[in-house]
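Asker: For reference, the sequence and a predicted model appear below.
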Amino acid sequence: RIVDPSKDLNSYGLGNVDWKERVEGWKLKQEKNMVHMSNRHSEGKGDIELNRADDARQPLSRVVPIPSSHLTPYRVVIILRLIILGFFLQYRVTHPVKDAYPLWLISVICEIWFALSWILDQFPKWYPINRETYLDRLALRYDREGEPSQLAPVDVFVSTVDPMKEPPLITANTVLSILSVDYPVDKVSCYVSDDGSAMLTFESLSETAEFARKWVPFCKKHNIEPRAPEFYFAQKIDYLKDKIQPSFVKERRAMKREYEEFKVRINALVAKAQKMPEEGWTMQDGTPWPGNNPRDHPGMIQVFLGHSGGLDTDGNELPRLVYVSREKRPGFQHHKKAGAMNALIRVSAVLTNGAYLLNVDCDHYFNNSKAVKEAMCFMMDPAYGKKTCYVQFPQRFDGIDLHDRYANRNIVFFDINLKGLDGIQGPVYVGTGCCFNRQALYGYDPVLTEEDLEPNIVVKSCCGSRKKSKSGNKKYYDKKKGIKRTDSSVPMFNPEDIEDGVEGYDDERSLLMSQRSLEKRFGQSPVFISATFMEQGGIPPSTNPATLLKEAIHVISCGYEDKTEWGKEIGWIYGSVTEDILTGFKMHARGWISVYCMPPRPAFKGSAPINLSDRLNQVLRWALGSIEILLSRHCPIWYGYNGKLRLLERLAYINTIVYPITSLPLLAYCVLPAFCLLTNKFIIPEISNFASMWFILLFCSIIATGILELRWSGVGLEDWWRNEQFWVIGGTSAHLFAVFQGLLKVLAGIDTNFTVTSKANDEDGDFAELYIFKWTALLIPPTTVLIVNLVGIVAGVSFAINSGYQSWGPLFGKLFFALWVVAHLYPFLKGLLGRQNRTPTIVIVWSILLASIFSLLWVRIDPFTSDSTKSASNGQCGINC
C-alpha cells in the first residue's frame with residue numbers, strides 16, 4: 001500500500017489500536033530473533049570450546065591395524081608352512097642315507113635346529129601393528145598457548161667413552177640437536193657421560209655450549225630440520241622451501257660461517273689431544289686435569305648451561321647441559337656402559353629429576369625435533385602411561401652405501417620383528433633412541449588396570465603419608481588387587497625425615513619402609529631416595545644448588561653401588577655387554593609394556609660401521625652379550641615365570657639370546673654341499689614323487705612367507721635379501737666366535753675386550769670406509785667356507801664331465817646348495833677383494849691351508865667306503881700284475 005503523507009494515517013487504518021498492536025508484536029518478534037541469533041553465536045563459541053575439550057580428552061595415540069587382506073594370508077601360510085615342515089622332517093628322519101650316514105645325520109640335526117629357530121623367530125610376528133600419534137591433542141591437554149606448560153620434564157642421556165673413536169664433532173652435533181628440540185626449555189636437560197674422563201670431551205662440550213647460544217635460536221626461529229648442523233648443512237635439498245622470512249638466506253649464510261669456525265675450533269682441540277704431555281693435561285686455569293688417569297680419578301660434574309643462567313643470543317633460556325664423569329678407582333668393578341648409565345640416573349635424579357629419561361648414543365642425533373613429544377604421546381597418555389616402561393624408536397642411519405652391502409640398516413629387524421613385538425608386549429630395548437619411565441628403571445611394578453590384573457600380580461605403589469588426606473589425593477584399589485599411585489609431584493618426604501628414621505610415613509612402594517631397607521635398595525643418599533618418590537619429577541624449589549652438586553658427586557662415587565640393588569633390580573642390569581636386552585627383559589618380566597614409535601620423519605639418525613671388519617666386530621659384541629645372558633640366571637628360558645611375561649614375548653627373547661648357537665649348524669650346513677660334491681655322495685636318498693612334493697611345497701612356503709611378510713611390512717626385496725646374506729656371513733664368522741668366547745668368559749673367566757665401534761667421518765670421499773680392510777680372525781671361517789665350496793663346484797663339474805650324461809642329474813641338487821652358499825657369501829667376497837681387488841695374504845694362506853687340511857683329512861679317512869670295499873681294492877692287480 002502507498003501512503004500519502006499529506007493525508008491522515010487513520011484514513012489508511014494505520015492509527016488504530018489493532019495496527020499499533022501489530023507493530024509492537026513485530027518489534028517483540030525482532031527482539032526475540034536478535035536474542036536467538038546472539039545465543040546461537042555464543043553457542044557456536046561454546047561448541048568450539050567443547051570440541052577442544054573433547055579433543056583434549058581423546059587418546060593421544062591409536063593403534064593402526066594392518067589390513068586383514070595382508071595379514072590373514074600371511075598367517076595361513078605360516079600355519080601351512082609349519083605343517084609342511086613337520087611332514088618334511090618326518091620324511092628326512094625316516095629315510096636315512098646308508099652310504100652317507102654321517103652326512104645325512106649332520107644335515108638332519110641342522111634342519112631340526114633350523115626349524116626350531118624359525119619357530120622362535122616367526123611366531124612373535126603373529127600380531128604386527130602400526131601406531132599413530134596426535135601431537136595436536138598433546139598440545140591441547142598439556143601445552144596450551146599462553147598457559148604454563150604441563151608437559152613432563154625429560155632428562156636426555158648421551159654416552160661416550162673414547163673421543164678418538166667417537167669424534168667430538170659428532171658428539172657435539174648430537175648435543176646441539178638435543179638442546180634445540182621442540183620442547184619447553186625448562187623441561188629438558190642434557191647429560192653427557194664421559195666414561196673415558198677425556199679433557200678433549202670436556203673442552204669440546206664447553207665450545208658446544210657457546211655455539212648453542214647462536215644455533216638454538218636460529219633453529220627455533222626458522223623451524224629447520226634436522227637440528228644437527230653438520231647434517232643440516234650437508235642436505236642436498238632446496239633449503240628455501242617453506243621459508244617465507246626474507247632474512248632467512250642471510251641468517252643461514254651467517255650461521256653456516258659460524259659453524260665452520262666452530263668446526264675449526266673443535267678440530268684444533270682434536271689435533272692438540274693427539275699426544276698427551278708427560279706431565280698430563282692442564283686446564284686453562286693451570287690446574288692439572290683430574291681425569292689424566294682414566295682408571296683412577298675422582299668424579300667430575302660441570303654444569304655448562306642451566307636454568308639459572310646460560311641465555312641464548314636472543315635472551316631466551318636454554319636447556320641445561322651437564323658434563324658427568326663418574327669416579328673410577330682400581331679394584332672396583334665399573335660395569336662399562338651399564339654402570340655409566342646408572343650413574344647418570346642418579347645424577348639426573350639429584351639435579352633435575354625428570355620424570356622420563358631418553359638415552360641416545362653419542363652418534364645418534366635428533367633427526368626429528370618433535371621426537372620427545374612423540375614419546376610423550378604414549379608416556380603421558382592416561383591409558384598407556386602408567387604401564388609403559390619405555391618407548392623405543394627405530395634406528396636409522398646416515399652414510400651407508402646405496403646397496404647396504406652388510407645390512408647395516410637392519411631394516412628387517414626394525415620394520416618387521418619390532419612391529420610384530422609391538423602387538424604383543426612391546427619391542428625389545430635396542431640400546432639407543434629410547435624414552436624410559438624413570439619408575440620402571442627404579443625396579444617398580446607397573447600400575448595395572450583391573451582387567452590387566454592377574455591373581456599372582458601384586459602392584460607396588462608409591463609412598464604416602466599415614467595421615468589420611470582430606471583432599472582425597474589418595475585413591476586405593478581393593479587391597480587384594482594392589483594400591484594405586486598418587487599423581488602428586490610433591491616429594492612424599494624430605495631427607496631429614498629419612499635420616500630421622502622415616503617415622504610418620506607408610507610403606508606403599510618398598511617391602512620395608514625403613515632407612516636401612518631404602519639404603520640397601522637405592523644407596524646411601526637421602527636426596528636421591530626422596531627423588532625416587534616424586535613420580536611426576538622435578539625438585540623442590542627451596543633446594544640449594546651447591547648442596548645438590550655435592551650430593552651428585554656422592555652418588556657417582558665408585559663405591560656407591562656396593563651392597564645395593566643397582567644393576568641387579570634397579571637401572572641398567574649388569575651381567576652382559578648387551579645390557580640393553582637384559583634391561584628390557586627384566587622390565588617386561590615385571591609386567592610392564594613397551595611401545596614402538598615410528599613417526600613419518602625418523603626420530604633419530606646415527607652412523608654405522610660400513611667396512612666389513614668393523615661390522616663383524618660389532619655383530620660379535622652383540623652375539624657375545626646374548627651368550628652371556630643365555631648362561632646367566634636371567635636367561636628367558638628359565639627366568640621370570642610369574643605370569644607377567646607373555647608367551648610370544650618370551651619366545652622373542654629366547655630367540656634373541658640363542659641365535660648365536662645357530663652358527664654351529666649353519667657352518668656345518670654350509671660345508672655339506674662341498675663335501676657332497678667332493679665325495680659324490682648326497683644327504684638325500686633317491687627321491688620319489690611323494691617325497692619331492694614335500695620338498696617343493698616347503699620351498700614354495702618359504703618364498704610365500706617372505707613375500708607376504710614384505711607385503712604387510714613395506715620392506716623392499718633388496719633389504720630382505722641383504723639381511724639373508726648377512727645372516728649367513730655373521731653366522732659363519734662373528735656368531736661362531738661369540739659362542740666360544742662366551743663359553744670361555746662364563747665358564748673359565750677369560751674376559752674379552754670390548755671394542756668401541758669406530759664412528760669416524762668419511763673424509764676420503766663417499767663411502768671410502770667401505771673399502772678399508774682391517775685384519776681380523778673373524779674373516780677366516782667364511783673365507784674357508786667360500787674356498788671349499790668353490791673347490792667342490794669345480795670338482796663336481798669335472799667329475800660329471802668325465803662320467804657322462806647320467807651323472808648330471810644328481811649333480812644339479814648338489815650344485816644348487818653349493819651355489820646357494822656362494823650367493824649368500826657374495827658380499828663377503830666383495831669385502832675381501834676391496835676396491836683394489838686385493839686380499840691380504842694372511843687370509844688367503846690360512847683359508848687355503850684349512851681347506852686343504854679338511855679335504856686331505858676327508859680323503860684319508862674316506863668314511864663312506866666300507867672295509868670290504870677297501871680290502872677288495874687293495875687286492876686288485878695294478879699295471880705290473
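Answerer: Happy to help now that I have it.
Asker: Helices along the stretch 301-450 of the chain, start to end?
Answerer: Assigned by DSSP state H, counting those that start in this stretch, the helices in the stretch 301-450 of the chain fall at 336-351, 371-379, 411-412, 418-422, 438-441.
Asker: Identify whichever of the ones you listed lies nearest to residue 326.
Answerer: helix 336-351 (4.2 Å; C-beta to C-beta). Yep, even glycine has a C-beta here, placed from its N, CA and C like the rest.
Asker: pLDDT of whichever strand or helix holds residue 792, averaged?
Answerer: Using DSSP states H and E, the element containing residue 792 is helix 780-803. Averaging pLDDT along helix 780-803 gives 82.
Asker: got it, and stretch 552-561?
Answerer: On average, stretch 552-561 scores 90.
Asker: okay, how far is it across it, tip to tip?
Answerer: 14 Å (C-alpha to C-alpha, to the nearest Å).
Asker: Please enumerate residues in contact with that stretch?
Answerer: 298-299, 301, 324, 326-329, 332, 334, 339, 342-343, 346-347, 349-351, 523-525, 528, 566-567 (C-beta atoms under 8 Å, 6 or more residues apart in numbering).
Asker: can you redo the helices of the stretch 301-450 of the chain as JSON lines with mean pLDDT and distance to residue 794?
Answerer: Formatted as JSON lines, the helices of the stretch 301-450 of the chain follow (pLDDT from 0 to 100; distance: least, C-beta to C-beta, whole Å):
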{"stretch": "helix 336-351", "mean pLDDT": "92", "distance to residue 794": "48"}
{"stretch": "helix 371-379", "mean pLDDT": "94", "distance to residue 794": "54"}
{"stretch": "helix 411-412", "mean pLDDT": "91", "distance to residue 794": "34"}
{"stretch": "helix 418-422", "mean pLDDT": "93", "distance to residue 794": "43"}
{"stretch": "helix 438-441", "mean pLDDT": "92", "distance to residue 794": "58"}
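Asker: Of all those helices, which one comes closest to residue 822?
Answerer: That would be helix 411-412 among the helices of the stretch 301-450 of the chain, by C-beta to C-beta, at 21.8 Å.
Asker: Other residues contacting that closest one?
Answerer: The contact list for helix 411-412 (C-beta under 8 Å, 6+ apart) reads 715-716, 719-720, 723.
Asker: Pull out the buried members of those residues.
Answerer: 715, 719-720, 723 (16 or more other C-beta atoms under 10 Å).
Asker: what sits up against whichever strand or helix holds residue 711?
Answerer: Under the criterion of DSSP H and E, residue 711 resides in helix 689-713. Outside helix 689-713, the residues that touch it by C-beta under 8 Å, 6+ apart are 66-67, 70-71, 73-74, 77-78, 80-81, 84-85, 87-88, 91, 95, 122, 125, 128, 415-416, 419, 687, 715-717, 720.
Asker: So which of those residues belong to strands?
Answerer: Among the contacts of helix 689-713, DSSP state E puts none in strands.
Asker: now the helices of the stretch 301-450 of the chain as a markdown table including mean neighbour count and distance to residue 400?
Answerer: Formatted as a markdown table, the helices of the stretch 301-450 of the chain follow (neighbours: other C-beta atoms under 10 Å; distance: least, C-beta to C-beta, whole Å):
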| stretch | mean neighbour count | distance to residue 400 |
| --- | --- | --- |
| helix 336-351 | 25 | 24 |
| helix 371-379 | 25 | 21 |
| helix 411-412 | 21 | 11 |
| helix 418-422 | 23 | 19 |
| helix 438-441 | 23 | 32 |
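Asker: Nearest to residue 740 among those helices would be which one?
Answerer: When these are ranked by proximity to residue 740 (C-beta to C-beta), helix 336-351 comes first, at 21.2 Å.
Asker: Low-confidence ranges, the stretch 701-850 of the chain, go.
Answerer: 749-775, 804-809, 833-850 (pLDDT under 70).
Asker: Residue 747 belongs to a helix?
Answerer: Yes - under DSSP: H, G, I helix; E, B strand; the rest coil, residue 747 falls within a helix.
Asker: neighbours around it, how many?
Answerer: 9 (other C-beta atoms under 10 Å).
Asker: tell me the contacts of it?
Answerer: Contacts of residue 747 (C-beta under 8 Å, 6+ apart): residue 631.
Asker: ranges for the strands of the stretch 601-750 of the chain?
Answerer: Here the stretch 601-750 of the chain has its strands, by DSSP state E, counting those that start in this stretch, at 604-607.
Asker: check contacts around the residue nearest the centre of the chain.
Answerer: The residue lying closest to the centre of the chain (C-alpha atoms, centre = their mean) is residue 430, at 3.0 Å. When the contact criterion is C-beta under 8 Å, 6+ apart, the partners of residue 430 are 392, 395, 580.
Asker: from what I can see the first one touches residue 593, true?
Answerer: It stands for residue 392. No - between residue 392 and residue 593 there is no contact under C-beta atoms under 8 Å: 11.4 Å.
Asker: Give the residues shared as contacts by the two.
Answerer: Here residue 392 and residue 593 have residue 426 as joint contacts, going by C-beta under 8 Å, 6+ apart.
Asker: Show me which of the two is the more surrounded one.
Answerer: Set side by side, residue 392 and residue 593 give different neighbour counts by other C-beta under 10 Å, the larger being at residue 392 (28 against 21).
Asker: How much space separates the more buried one from residue 430?
Answerer: For residue 392, the distance to residue 430 equals 6 Å [C-beta to C-beta, to the nearest Å].
Asker: would you turn the contacts of helix 411-412 into TSV with distance to residue 539?
Answerer: Compiled in TSV, these are given as follows (distance: C-beta to C-beta, whole Å):
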residue	distance to residue 539
715	45
716	48
719	46
720	49
723	46
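Asker: What is the nearest of these to residue 161?
Answerer: Using C-beta to C-beta, these come closest to residue 161 at residue 723, 29.1 Å.
Asker: Could you find the closest non-adjacent residue to the closest one?
Answerer: residue 412 (4.2 Å; C-beta to C-beta, 6 or more residues apart in numbering).
Asker: now residue 212
Answerer: With C-beta to C-beta, 6+ apart, the residue lying closest to residue 212 is residue 179, at 4.9 Å.
Asker: Narrow the buried ones among the contacts of helix 411-412 to those in helices?
Answerer: Using DSSP state H, the subset of the buried ones among the contacts of helix 411-412 located in helices is 719-720, 723.
Asker: Reformat these into TSV and put distance to residue 273 next to each item.
Answerer: Shown next, in TSV, are these (distance: C-beta to C-beta, whole Å):
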residue	distance to residue 273
719	39
720	43
723	39
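Asker: What ranges does the stretch 351-500 of the chain have for its strands?
Answerer: 356-361, 365-366, 388-392, 396-398, 434-437.
Asker: Tell me the helices and strands packed up against the last one.
Answerer: Identification of packing neighbours for strand 434-437 by 3 or more C-beta pairs under 8 Å, 6 or more residues apart in numbering; DSSP states H and E yields strand 356-361, helix 371-379, strand 388-392.
Asker: Starting from that strand, tell me which strands it pairs with and how they run.
Answerer: Here strand 434-437 has these sheet partners by DSSP bridges: strand 356-361 (antiparallel), strand 388-392 (antiparallel).
Asker: What average pLDDT does the last one get?
Answerer: Just to be clear, that refers to strand 388-392. 94.
Asker: Show me what secondary structure element comes after the least confident helix or strand in the chain by mean pLDDT.
Answerer: Lowest mean confidence among the helices and strands of the chain (mean pLDDT, DSSP states H and E): helix 495-499, at a mean of 42. Reading on from helix 495-499 to the C-terminus, the next helix or strand found by DSSP H and E is helix 515-522.
Asker: what packs against the next helix-or-strand element following that next one?
Answerer: Per DSSP H and E, the first helix or strand lying C-terminal to helix 515-522 is helix 526-532. Judged by 3+ C-beta pairs under 8 Å, 6+ apart, the packing partners of helix 526-532 are helix 336-351, helix 495-499, helix 515-522, helix 545-555.
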